[in-house]
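[1] Show me the folded form of this:
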Amino acid sequence: MPDRIARTVLGLCWFVVLLEGFDLFVYSTVIPDLLDDPDWHLTASEAGRIGSYATFGMLIGSLTIGTVTDWIGRRWTIMACATWFSVLMAFCALAPNPTVFGIGRFLAGLGLGGLIPTAMPLVMEYIGERRRGSGATWMMTGYHVGGLVVAALAIAILPAFGWRAMFWAGAVPIVVMLPLLWRYLPESVEFLLARGREDEAAEVARRHGVDLDAARTRVAGASTDRSGALRTIFGRGYLPATLLFFVASFCGLLLVYGFGTWLPQLMRSSGYGLGSALSFLVVTNVGAVAGLLLTGPIADRLGTKRASAIWFLTGAVFVGLISIRMPSVLIYLAAALAGFFLFTAQVVLYAHVGNHYPAATHATALGWIAGIGRIGSVIGPTLGGVLLDADAGVWSFYVFALAGFIGAVAMWLAPRSPLAQATSCWPVSDGAGSPKPA
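    Presented below is the predicted three-dimensional model:
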């Protein structure tokens, strides 16, 4: 498949994923201003619940997006979700009170929940079999680049213009992005074939150099027996691991969304000024981007099961270390390493799920495990607010670190796959020239 169209699809979907990262971290940066707003009288617990509204919307969006995509296609779904997000950013900027603001956050989450589940298969389709691992990793760096963009904007904008300006900034990119998506993002050939739109599929394949026969083979071979896939992942030989993966996924996304939402306020409550607290957001996201780029080869050598357990545990250790007063260089290093391990552990978990189950059940297994994880993403922001209202101090860090420790234990205890040969989803092999078993 031509590199040009692969790079185009990857680049556009990378920008789409950046929007989800922007949404999570923009709220974390404005929480201190919202708590200080004399007209809104928010407590930390109330702010935490508002943070959970967006993740609850994302949970619903991710569960329903398949039906929408099957109806209108991946290209139109991505454009609709991105536009919806931007409109709701403007809605939040205009919100007159916390109730309206919370409704806007929930509605924004509905659109965001569909972005990654729709963009990821499109990237996988156009980037080719041999580059799928690296393509997924590169695409997910957009999430944390979104965090970096938010932190940089917050340092420049918040002191002068206040929290509403941050949401206006989130509404602006669609002005440029929507025309680019309209002009350059192709529809999925596999979607068109599955819908019986053969002529359109042939035209898109011809225009972009897609192997139409290979796409037909993939569509014809796709498993539609979802009940069979469910019987497998919950059946004999797989059930113990499935339940442990549920636990790990729940803990992982509780950490990502809970700790990610509250990091600036946690640092502020520990005595750092707002500017310094925001700088921790920068370094954790730099660490996360580095983690996504470097973890693949390491996980390939260690095995994805072992690597995921180590990443959860090490991330938990560094989250705990951030609570300790240390010289600036050391605490920023701890924050960067927390981002490196904490935000990457979930990706390694998903890679291991791809190794653990039969190929025909991958979509179902990932859907269930990611869906259970989304429950953690709903609880995490509320938990952080409750801890701050309770004046838990450094114990707030330790509670989040405990979630990482539980995730590590769950991954470590997960039994090996019944499959005779489980291979890594990452694009790099071990030194012997073949993928290392998970």
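[2] Helices along the stretch 301-438 of the chain, start to end?
    304-322, 328-356, 362-389, 395-413 (DSSP state H, counting those that start in this stretch).
[3] Pipe the ones you listed into TSV and attach mean neighbour count and mean pLDDT per row.
    The C-beta positions use only the backbone N, C-alpha and C, and glycine is treated the same way. Output for the helices of the stretch 301-438 of the chain, formatted as TSV (neighbours: other Cβ atoms under 10 Å; pLDDT from 0 to 100):
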stretch	mean neighbour count	mean pLDDT
helix 304-322	25	92
helix 328-356	24	87
helix 362-389	22	84
helix 395-413	22	93
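[4] Which of those helices sits closest to residue 166?
    With respect to residue 166, and counting by Cβ to Cβ, the nearest of these is helix 362-389 at 17.0 Å.
[5] got the angle for the closest one vs helix 395-413?
    Computed by axes from the mean of the first three to the mean of the last three Cα atoms, to 10 degrees, the angle separating helix 362-389 from helix 395-413 equals 160 degrees.
[6] Please name every helix or strand in contact with helix 362-389.
    helix 44-72, helix 226-233, helix 239-269, helix 328-356, helix 395-413 (3 or more Cβ pairs under 8 Å, 6 or more residues apart in numbering; DSSP states H and E).
[7] Quick one: closest of those to residue 99.
    The closest of those to residue 99 is helix 44-72. By Cβ to Cβ, the value is 9.5 Å.
[8] could you give the angle of that closest one to helix 362-389?
    Using the same axes, to 10 degrees: helix 44-72 against helix 362-389 is 160 degrees.
[9] Just want the angle from helix 44-72 to helix 239-269.
    Using the same axes, to 10 degrees, helix 44-72 lies at 130 degrees relative to helix 239-269.
[10] chain center to helix 44-72: distance?
    Mean-position distance between helix 44-72 and its chain equals 13 Å (Cα atoms, centre = their mean, to the nearest Å).
[11] Next, the buried residues of that helix.
    By 16 or more other Cβ atoms under 10 Å, the buried positions in helix 44-72 come out as 44-59, 61-62, 65, 68-69.
[12] what's the model's confidence in it, averaged?
    What helix 44-72 shows for mean pLDDT is 84.
[13] returning to that earlier point: just put the helices of the stretch 301-438 of the chain in JSON lines and tack on distance to residue 157.
    Shown next, in JSON lines, are the helices of the stretch 301-438 of the chain (distance: least, Cβ to Cβ, whole Å):
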{"stretch": "helix 304-322", "distance to residue 157": "25"}
{"stretch": "helix 328-356", "distance to residue 157": "22"}
{"stretch": "helix 362-389", "distance to residue 157": "22"}
{"stretch": "helix 395-413", "distance to residue 157": "27"}
